[in-house]
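Engineer: sequence and predicted structure below; questions after.
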Amino acid sequence: MSKNAENLLAAFQHFFPNAKAIGSYVGGELIEGAGEAIQLFDAATGEESLSYKDGGAAVVEQAAAAAERAQKQWWALTHAARGRVMFEIAREIRKEAENIARLESLGSGKPIRDCRGEAAKVAEMFEYYGGWADKFYGEVIPVPTSHLNYTRREPAGTVLQITPWNAPVFTCGWQVAPAIAMGNAVLLKPSELTPTSSIIIGMLCERAGAPRGLVNVLAGLGLTVAQSAIAHKAVKKVVFVGSPATGARIAEAAAKRVLPCVLELGGKSANIIFGDADLKRAALTAQAAIFAGAGQSCVAGSRLLVQRNVYDEFVSMVAAGAKKIKVGDPLDDKTEVGPINNRRQYEHVMSMIDKGVAAGATLASGSQERSIAGYFVSPTVLAGVTNEMEVAREEIFGPVVAAIPFDTEDEAIAIANDTDFGLAGAVWTTDVGRSHRVAAQVNAGTFWVNGYKTINVASPFGGYGLSGYGRSSGVEALYEYTQTKSVWVETAKEPPTAFGYL
Ligand code: NAD
């Protein structure tokens with residue numbers, strides 16, 4: 001057994017002392033799959049780590065039954081009682097935050113300090129939505145008849161959530177918390193590459209008092225587990241976080257059952273720097289925007305649009321900073337950038353750097369050399385990029401920024417919008433009027449002025465265009481996780497009898 005496999009199993013056994021392998025968490029039990037073996041790898045060394053068996057359709061069947069039972073119990077509680085359980089879940093997560101962070105780092109290759117931050121954010125998500133549990137309700141509508149007409153906000157029932165590998169525990173909390181706050185049960189299918197931290201959150205929900213089977217975490221592949229779940233009659237809604245290609249396949253499968261979907265997909269966000277900006281701060285933030293999480297972030301500032309009068313100076317500042325970033329062992333407290341999560345993604349990132357150079361971009365920082373051990377990519381700044389190049393059009397999902405010059409405000413907006421994506425964007429300028437003009441005209445679900453990557457559970461998040469539809473976070477997520485029922489109550493002494501609409 002490799003060192004990573006030993007450590008990962010030990011970190012998992014902290015939560016499940018009798019576990020011999022990773023399994024699915026269903027109806028309050030850890031269940032080993034019976035399907036094909038899924039081999040995990042240590043991103044920091046490239047060596048084999050643990051392997052576990054796919055849960056397949058069998059685990060979906062068990063989880064669907066457990067979820068239906070649990071959802072009835074959960075919805076029978078008062079709204080306030082559900083909120084109290086959610087505050088308990090947050091407390092459990094805080095108590096275990098360090099153990100969750102270590103498990104996440106070992107399982108995903110993310111730097112431990114990022115994992116600590118994300119575990120803390122997951123606790124906040126349960127608190128935030130726990131607060132909403134008894135504060136999101138229907139309305140009384142002033143109709144022109146003798147009726148009392150009111151609306152109820154009811155849960156969808158059992159929701160399926162399918163998540164990617166780049167921020168596993170964060171994405172789990174992000175979707176599970178609003179879903180259960182609104183009275184739903186959950187089937188969560190995390191990426192087959194990073195299942196462990198989500199399994200722990202499912203277990204902690206029950207440790208905190210949620211009914212067994214309220215949050216089921218299904219370990220296995222998209223084609224086996226996720227597709228079986230989409231086809232299962234218990235599932236009433238699908239929330240997907242991942243790539244546009246997979247999102248389209250999921251929406252297609254869901255459409256066959258007329259299942260509503262939320263799709264949180266990729267991005268190719270423009271970080272626009274005008275010559276009048278605070279260049280020092282903009283350069284530091286531009287590095288964080290693309291290099292944090294090794295660029296494996298849907299909102300990464302992957303296109304750096306810089307006004308031509310400061311282009312050379314600014315790109316040099318970002319490149320100089322990139323060279324100083326500490327890349328290395330994910331478990332080292334000082335590591336700022338860890339490896340790419342998996343070999344396939346690593347090969348994709350390296351091939352995109354090669355394509356950029358072949359198309360005429362120059363490497364202001366970074367290298368085309370392959371890493372000797374592990375999936376490490378040096379923070380890379382590609383200079384002299386045009387928006388037509390593949391590196392400016394395709395999502396790289398790695399620590400690679402494409403720096404593109406522009407001359408005027410109109411040109412910056414045109415380049416920013418010349419993309420199929422629309423997840424995020426930013427503008428850096430000291431001209432207040434311009435900052436609002438640009439914010440209004442860039443097609444993106446999230447936009448920052450003189451900043452980047454501030455996100456919060458209270459603020460809505462989602463995409464335009466190929467970046468998806470529906471919203472997560474904030475109050476808007478509560479609409480996604482409920483459906484509206486309009487109830488008409490006749491109040492007249494001698495009501496007219498309707499033949500047709502009243
Ligand atoms: P992916 O689309 O390959 O996989 C995501 C999930 O879908 C995994 O759980 C996977 O098992 C499942 N899946 C794969 N094929 C499937 C199929 N045919 N049917 C059903 N399920 C299937 O994405 P990834 O490579 O894991 O993650 C990277 C992508 O996620 C990037 O595009 C990134 O931008 C995006 N992302 C978006 C957001 C957002 O909020 N917009 C957040 C994080 C990541």
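Structural biologist: Yep, that arrived. Residues are numbered from 1 along each chain as shown.

Engineer: show the pLDDT at the closest residue to the ligand within the chain.
Structural biologist: Distances between the chain and the ligand by CB to the nearest ligand atom are smallest at G222, namely 2.1 Å. No exception for glycine: its C-beta is placed from N, CA and C like everyone else's. Looking at G222, its pLDDT stands at 98.

Engineer: next up, the contacts around it.
Structural biologist: I162, K189, E192, T246 (CB atoms under 8 Å, 6 or more residues apart in numbering).

Engineer: do I22 as well
Structural biologist: By CB under 8 Å, 6+ apart, I22 lies in contact with F12, L50, Y52, P195, T196, I199, A219.

Engineer: list the contacts for the fourth one?
Structural biologist: It stands for P195. P195 sits next to I22, Y52, G107, P168, V217, A219 when contact means CB under 8 Å, 6+ apart.

Engineer: just those residues: which are in helices?
Structural biologist: Those of the contacts of P195 mapping onto helices are G107, P168, per DSSP state H.

Engineer: let me know the closest of the contacts of P195 to D332.
Structural biologist: Among those, G107 lies closest to D332 (CB to CB), at 16.5 Å.

Engineer: pLDDT weak spots in the stretch 51-200 of the chain?
Structural biologist: Residue ranges of the stretch 51-200 of the chain with pLDDT under 70: none are present.

Engineer: now do the helices in it.
Structural biologist: 56-76, 79-95, 97-108, 112-132, 168-181, 196-207 (DSSP state H, counting those that start in this stretch).

Engineer: for K453, find the nearest of the ones you listed.
Structural biologist: Of all the helices of the stretch 51-200 of the chain, helix 112-132 comes closest under CB to CB, at 12.0 Å.

Engineer: off-centre distance for that closest one?
Structural biologist: Helix 112-132 sits 13 Å away from the centroid of its parent chain (CA atoms, centre = their mean, to the nearest Å).

Engineer: could you dump it to PDB, C-alpha only?
Structural biologist: The C-alpha coordinates for helix 112-132 follow below in PDB (Å, rounded to 0.1, in the frame of the first residue of the first chain):
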ATOM      1  CA  ILE A 112      -4.300  21.800   3.200                       C
ATOM      2  CA  ARG A 113      -4.800  25.500   3.800                       C
ATOM      3  CA  ASP A 114      -7.400  25.700   1.000                       C
ATOM      4  CA  CYS A 115      -9.100  22.600   2.500                       C
ATOM      5  CA  ARG A 116      -9.300  24.200   5.900                       C
ATOM      6  CA  GLY A 117     -10.900  27.300   4.400                       C
ATOM      7  CA  GLU A 118     -13.400  25.200   2.500                       C
ATOM      8  CA  ALA A 119     -14.400  23.000   5.500                       C
ATOM      9  CA  ALA A 120     -15.100  26.200   7.500                       C
ATOM     10  CA  LYS A 121     -17.200  27.500   4.600                       C
ATOM     11  CA  VAL A 122     -19.300  24.300   4.600                       C
ATOM     12  CA  ALA A 123     -20.100  24.900   8.300                       C
ATOM     13  CA  GLU A 124     -21.200  28.500   7.400                       C
ATOM     14  CA  MET A 125     -23.400  27.100   4.600                       C
ATOM     15  CA  PHE A 126     -25.400  24.900   7.000                       C
ATOM     16  CA  GLU A 127     -25.700  27.800   9.400                       C
ATOM     17  CA  TYR A 128     -26.900  30.200   6.700                       C
ATOM     18  CA  TYR A 129     -29.500  27.800   5.400                       C
ATOM     19  CA  GLY A 130     -30.400  26.600   8.800                       C
ATOM     20  CA  GLY A 131     -31.400  30.200   9.500                       C
ATOM     21  CA  TRP A 132     -33.600  30.200   6.400                       C
END
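
Engineer: which parts of this structure sit against the ligand?
Structural biologist: 162-166, 189, 191-192, 221-223, 226-227, 241-243, 246, 249-250, 264-267, 298, 395, 397, 423, 463, 468 (CB under 6 Å from any ligand atom).

Engineer: can you pick out the ones from those residues that are in helices?
Structural biologist: Under the assignment DSSP H, these contribute Q227, T246, R249, I250 to helices.

Engineer: what about the third one, distance to S472?
Structural biologist: Okay, so that is R249. To S472, R249 is 20 Å away according to CB to CB, to the nearest Å.

Engineer: ok so V487 is a strand residue?
Structural biologist: Yes - V487 forms part of a strand when assessed by DSSP: H, G, I helix; E, B strand; the rest coil.

Engineer: was I right to think it contacts T151?
Structural biologist: Yes - counting by CB atoms under 8 Å, T151 is a contact partner of V487 at 7.2 Å.

Engineer: sec struct for A403, please.
Structural biologist: Classification of A403 using three-state DSSP returns strand.

Engineer: can you list the domains in this protein?
Structural biologist: Domains of the chain are assigned by automatic domain parsing as 3-265+463-485, 270-449.

Engineer: okay, and I272 sits in which element?
Structural biologist: Assessed by DSSP states H and E, I272 sits inside strand 270-273.

Engineer: can you pull the buried residues of stretch 216-231?
Structural biologist: Neighbour-count burial for stretch 216-231, with 16 or more other CB atoms under 10 Å as criterion, is recorded at 216-222, 224-230.
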